[in-house]
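Novice: model this:
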Amino acid sequence: MNKTISLDTGPISLFFTRDHSKKIDALFNSIKTNQINAIVIAPVLAEVFKHLCVSNGKDYANSSLISLLKFYPINVKSLDYSMILKAGQLKCQFRKKLSYIDCFVIALALIEKCELHTTEKEFPTFSKLKIITYSF
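Specialist: As a prediction, the model looks like this:
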């Protein structure tokens, strides 16, 4: 059975940089070849779009996200009640430390019981959450 991971904005954004690490290449190759099941909460893709748009323009952001979703079997999760409630609880608990996107990403990983792949260095520790960090 393949491992399931949750992707944050950072690793996806890094994938679109020219000089990304071999670790990012390996991650996305594993996703492409279905060795890893990747999930992402929908608002993360809006944040990735924003980063790509700011750095390279709207057309680049459009084509990049379309290509990603076309060629990489990433499961995009919509917001549901359990996700909204869990993210809200996290935002209430860590309101000065976590952004709303951070809360949704953590909520997804906790609900799906999977690893969280991120570039964030300041996440709180959760006993039931394994966090894999990538460097910019």
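Novice: Could you use CA atoms for every contact and neighbour count after this?
Specialist: Will do.
Novice: Which neighbouring elements make contact with the helix or strand encompassing Phe104?
Specialist: Phe104 is part of helix 100-112, with elements assigned from DSSP states H and E. Helix 100-112 sits against strand 3-7, strand 36-41, helix 42-56, helix 81-93, strand 115-118, with contacts defined as 3 or more CA pairs under 8 Å, 6 or more residues apart in numbering; DSSP states H and E.
Novice: how long is stretch 60-80 end to end?
Specialist: End-to-end distance for stretch 60-80: 30 Å, by CA to CA, to the nearest Å.
Novice: Residues in contact with that stretch: which ones?
Specialist: By CA atoms under 8 Å, 6 or more residues apart in numbering, the residues outside stretch 60-80 that reach it are 16, 28, 31-32, 34, 37-42, 45, 49-50, 52-53.
Novice: Narrow those residues to those that are buried.
Specialist: Buried members of the contacts of stretch 60-80, scored by 16 or more other CA atoms under 10 Å, are 16, 28, 31-32, 37-42, 45, 49-50, 52-53.
Novice: Looking at the residues you listed, point me to the pair that's furthest apart.
Specialist: Pairwise distances across these (CA to CA) peak at 26.7 Å, for the pair Asn37 and Cys53.
Novice: Leaving out the residues flanking it, which one is nearest to Lys23?
Specialist: Distances taken as CA to CA, 6 or more residues apart in numbering place Tyr134 nearest to Lys23, at 8.0 Å, with adjacent residues excluded.
Novice: roughly how far apart are the one you found and Ser99?
Specialist: 19 Å.
Novice: the more surrounded of those two?
Specialist: Tyr134 (16 against 13; other CA atoms under 10 Å).
Novice: Leu7: neighbouring residues, count only.
Specialist: 25.
Novice: Do I have it right that it meets Glu120?
Specialist: No - if you go by CA atoms under 8 Å, Leu7 and Glu120 don't touch, sitting 11.6 Å apart.
Novice: most centrally placed residue in the chain?
Specialist: Asp8 (1.9 Å; CA atoms, centre = their mean).
Novice: give me phi/psi at that residue?
Specialist: phi -90, psi 180 (degrees, to the nearest 10).
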